[in-house]
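Enquirer: Need the 3D shape of this:
(2 chains)
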Amino acid sequence: MAHLVNPLATPAQLYNLKSSSQLPDDLQEVVFTTTQCLTQAAGLLLELPQSTTAQASVLLARYWLVDSPMMHEFSDVSAAALFIVSKMGPLPQSARDIANVYAYLLSSQSPLLRAEKPTGDNPAEYYLSESDYYAFQNRILALEARILYALSFNTHVSLPHPLAITYLQTLDFLGLGDKKDISARVMQHLNTALLSPQMLYVTHQPHALATAAIYCAARDFGAKMPESAWWEVFDVDREELGFLVVGLMSVDNIMRKRREDMPWMNEGAVTRSKVEAEMKQRGLRVGNGTKRGNDEEDEVMRMMDSR
Amino acid sequence: MPPSRWATSAEDDARLAKEKEEKRRRKAEKARKLEQQQKEAEAAAAVAAQNQPQDDEQSEQRPSKRRRLSPELDDDAPPKLLRFDAGGWSKSRSVENYDKLNDIEEGTYGWVARATDLTTGKVVALKRLKLEPNDRSGLPVTGLREIQILKDCRHRNIVSMEEVVVGDDTHRLDNSIFLVLEFVEHDLKSILEDMPEPFLSSEIKQILLQLTAGTAYLHANWILHRDLKTSNLLLNNRGQLKIADFGMARYVGDPPPAKLTSLVVTLWYRSPELLLGVKTYGAAVDMWSVGCIFGELLTREPLLQGKNEVDQMSKIFELCGVPTDESWPGFRRLPNARSLRLPKNTLTTGSVIRARFPNMTSAGAGLLNELLSLDPERRPTAKAMLQHEYFRQDPKPKPETMFPTFPSKAGQERRRRHEPHAPGRGEAASFGDADFTGILQGRDKEERGAGFSLRMV
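Expert: Numbers count the residues shown, from 1 in each chain, chains lettered A, B, ... in the order given. All right, here's what the predicted structure looks like:
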């Protein structure tokens, strides 16, 4: 059974996320989704299987429910999560490869999260000097231990993708032609759900995510579904299904809206300094009261980096 | 004459009396509570009976005439949906929740200590996650895999892990990550080394049965242990065997992953296909180790003590015979087999296991022979082995509770014989042009068949 279920976030953890990071909801969402996009892009460039990248995304989501997202640079946490998952799996990635990929993705040459594709090719922009690499590696290694500590060393992640394939088979939706489109769309929905600011992978079990993705895909293509409450066969009740379907369908709209509100989101990966600048502009203090703890944390991180 | 160290003193007597008094008090308390509970339950039942209408009671006694045979199709009834709970996550606890009692060992496996849980008083083993100094690749992957696998395992023959705890300085966790493991008094290797008499065959059966049950559980859960050996098998004072040390273990699928490292399993317990550099292997590598352990239980000596890979291979061939295309189809295609020069003599191809263990029953020798099949396909699976005739024959496996106890040495200095360590990275040895043609010379002169000797049960 253990291979089919995930530990889930407690209501207290979800509540804490809001209070500890001091970020308004919309910024919180932006940070989560854009960082998950960064993880996905890095997984692609490192040629990792999607299962590895998806597990890294889930670990990152779990970690941010323990430590505030503002505690470390977002891209560092994303890189450390990928580092941990790839290390435990069959395709370990060297810190060097990961460093190079993130240096590129964060540079002005990367098309990631940019409205306009960067013109020209200037490799010097993403050249990683030896000292930068050393500092990056230090941060990743410190975060590796930190993340594992925060998750009490439980790195088990069950993904809904394999379950979805079984469910598709059950519904006779797996095959060639139109059926192939539906299967592909189901996977797309499941991968989109990884980016959802509602953190669906840490609030719902894989079987529910798989069922909701099939529901959405069938609706997208107008496929004929059983008249009865077929989702109950997969142990999902109507209410949970409804919530997840809305969650899956809304990711795109939410991000579109945020991008209109905050044009700086179209200028490359979101960093802590960009978020802090936005907070300042809105007249919000970056952290009040609880933030002091984070400053100490930053201080320690800086000390470790400069080692 | 000074009184013996062991003589009971007045102090001891006083302490004993006090303990007895304490026990009596607790017993009385318990009895009182039980009585109260009973009274409450009775009162509640009486109230319930009063409230219930009379006719209801009658209808209960009389069964209804028609029994409904088909399940009711009621759309309004809420569906029964399965719900799974896998818990949540939170930060690791601090190692300060445990009080160290004594060191158990400091060696290849890193630092292990006996400790008590301060809140529950339970005795546990703390194993420090061993870090290579100046290793720039972070936490050791073997340690992380061990944690991951032990977290997933729940079986009476597998050492259980309670949690992972960390030192107080959570910003620098480098050398302060500890696995909290169930404390088990002995390891099988030191017991075998120190026991004056060998295990009885009923005891060997029980140990082997438990080892097989644990291995079957691992294999059923897609885990290969890849380092089964007597020093990794623990035995508690209640005769329970626990498989430990999962530093080499990993999850596999079916079909097995195409590229696995063949540099696993301590040399003396390493299967011939691993020695020949196979890239795709499965549960059979563990079954070979089980066979080696079986042999070791019988003789109290490791069965195949090779000095290096080549020597190990020749020791295997001496015992199990030289492989042929019939006894092990396709072995010639293995990476290290191409350069093998084997004797062509037919006398060398049979196994001498029977002759080497003359006082075993034919079922026992048969099982050992199957486990030590050169061809991994011919070794029994752990699940199949549990049904083997050997375990059903007299003498029956001795009940765990009847097991002898041994003085626990955890924490004391102990004599250790040299044993090769589990292989490390980058130590792969190739055979080069090893010549095995001479290893079986004179074998035909050896005595064949079982001698006669008395067997104690």
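Enquirer: Quick check on B:L200: phi, psi?
Expert: phi -70, psi 160 (degrees, to the nearest 10).
Enquirer: Can you tell me the number of residues neighbouring it?
Expert: When neighbours are defined as other CB atoms under 10 Å in any protein chain shown, B:L200 has 15 of them. For glycine as for every other residue, the C-beta is placed from the backbone atoms N, C-alpha and C.
Enquirer: Look at it and report its pLDDT.
Expert: The predicted local distance difference test score for B:L200 is 90.
Enquirer: Quick check: it vs chain A, distance?
Expert: Distance, B:L200 to chain A, by CB to the nearest CB, to the nearest Å: 38 Å.
Enquirer: cool, B:P323 as well?
Expert: As defined by CB to the nearest CB, B:P323 lies at a distance of 30 Å from chain A.
Enquirer: what's the answer for B:P376, then?
Expert: The separation that B:P376 has from chain A, given CB to the nearest CB, amounts to 21 Å.
Enquirer: Contact partners for the residue nearest to that residue when sequence neighbours are not counted?
Expert: Nearest in space to B:P376, with sequence neighbours left out and distances taken as CB to CB, 6 or more residues apart in numbering or on different chains, is B:A284 at 3.6 Å. B:A284 is in contact with B:S271, B:E273, B:P376, B:E377, B:R379, counting by CB atoms under 8 Å, 6 or more residues apart in numbering or on different chains.
Enquirer: residues in contact with the nearest residue to B:L371 once chain neighbours are set aside?
Expert: Distances taken as CB to CB, 6+ apart place B:G291 nearest to B:L371, at 3.0 Å, with adjacent residues excluded. For B:G291, the residues meeting the contact criterion (CB under 8 Å, 6+ apart) are B:L303, B:L368, B:L371, B:L372, B:R379.
Enquirer: Is the first one within a helix or a strand, and which one?
Expert: Yep, that's B:L303 we're talking about. Under the criterion of DSSP states H and E, B:L303 resides outside all helices and strands.
Enquirer: doesn't B:C292 make contact with it?
Expert: Yes - the criterion here is CB atoms under 8 Å, and B:L303 meets it with B:C292 at 4.9 Å.
Enquirer: any residues in contact with both of the two?
Expert: With contacts taken as CB under 8 Å, 6+ apart, the residues that reach both B:L303 and B:C292 are B:W268.
Enquirer: So between those two, which is more surrounded?
Expert: B:C292 (25 against 22).
Enquirer: And the residue nearest to B:L371, what's its pLDDT?
Expert: According to the per-residue confidence, B:G291 scores 96 in pLDDT.
Enquirer: cool, and B:N308?
Expert: According to the per-residue confidence, B:N308 scores 93 in pLDDT.
Enquirer: Quick check on it: phi, psi?
Expert: With angles defined as degrees, to the nearest 10, B:N308 shows backbone torsions of phi -160, psi -180.
Enquirer: Ok, B:Q312 next?
Expert: According to degrees, to the nearest 10, the main-chain angles of B:Q312 amount to phi -60, psi -50.
Enquirer: For A:E144, give me its contacts.
Expert: Taking CB under 8 Å, 6+ apart as the definition, contacts of A:E144 comprise A:A80, A:F83, A:I84, B:G138, B:L139.
Enquirer: The second one: which element?
Expert: Take DSSP H and E as the rule and A:F83 turns out to sit in helix A:74-88.
Enquirer: again with the last one
Expert: Secondary structure assignment for B:L139, by DSSP H and E: no helix or strand.
Enquirer: which outside residues touch stretch A:258-265?
Expert: Contacts of stretch A:258-265 with the rest of the structure, by CB under 8 Å, 6+ apart, involve A:D26, A:E29, A:V30, A:T34, A:L113, A:N266, A:K274, A:A277, A:E278.
Enquirer: Take the residues you listed and keep only those in helices.
Expert: With helices identified by DSSP state H, the entries of the contacts of stretch A:258-265 that belong to them are A:D26, A:E29, A:V30, A:T34, A:K274, A:A277, A:E278.
Enquirer: Once you drop chain neighbours, what's closest to the first one?
Expert: Distance criterion CB to CB, 6+ apart; nearest residue to A:D26, sequence neighbours excluded, is A:R258 at 6.1 Å.
Enquirer: in the strand or helix carrying the one you found, what counts as buried?
Expert: The secondary structure element spanning A:R258 is helix A:238-261 (assigned by DSSP H and E). Burial within helix A:238-261, assessed by neighbour count using 16 or more other CB atoms under 10 Å in any protein chain shown, is assigned to A:E240, A:L241, A:F243, A:L244, A:V245, A:G247, A:L248, A:V251, A:I254, A:M255, A:R258.
Enquirer: got these as a markdown table, with pLDDT columns?
Expert: Listed next are these as a markdown table, based on pLDDT from 0 to 100:
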| residue | pLDDT |
| --- | --- |
| A:E240 | 94 |
| A:L241 | 95 |
| A:F243 | 96 |
| A:L244 | 96 |
| A:V245 | 95 |
| A:G247 | 94 |
| A:L248 | 93 |
| A:V251 | 91 |
| A:I254 | 91 |
| A:M255 | 89 |
| A:R258 | 90 |
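Enquirer: so which of the residues you listed comes closest to B:I158?
Expert: Looking at the buried residues of helix A:238-261 and their distance to B:I158, the nearest is A:E240, at 35.2 Å (CB to CB).
Enquirer: residues contacting that closest one?
Expert: The neighbourhood of A:E240, defined by CB under 8 Å, 6+ apart, consists of A:H204, A:A208.
Enquirer: what do you get for B:D169?
Expert: Taking CB under 8 Å, 6+ apart, we find B:D169 in contact with B:S176.
Enquirer: Hmm, B:F294 and B:T230 touching each other?
Expert: No - look at B:T230 against B:F294 with CB under 8 Å: they stay out of range, at 10.6 Å.
Enquirer: ok, back up a step: tell me which strands and helices the helix holding A:F83 is in contact with?
Expert: Packing contacts for helix A:74-88, counted by 3 or more CB pairs under 8 Å, 6 or more residues apart in numbering or on different chains; DSSP states H and E, involve helix A:25-45, helix A:50-64, helix A:95-106, helix A:130-150, helix B:141-152.
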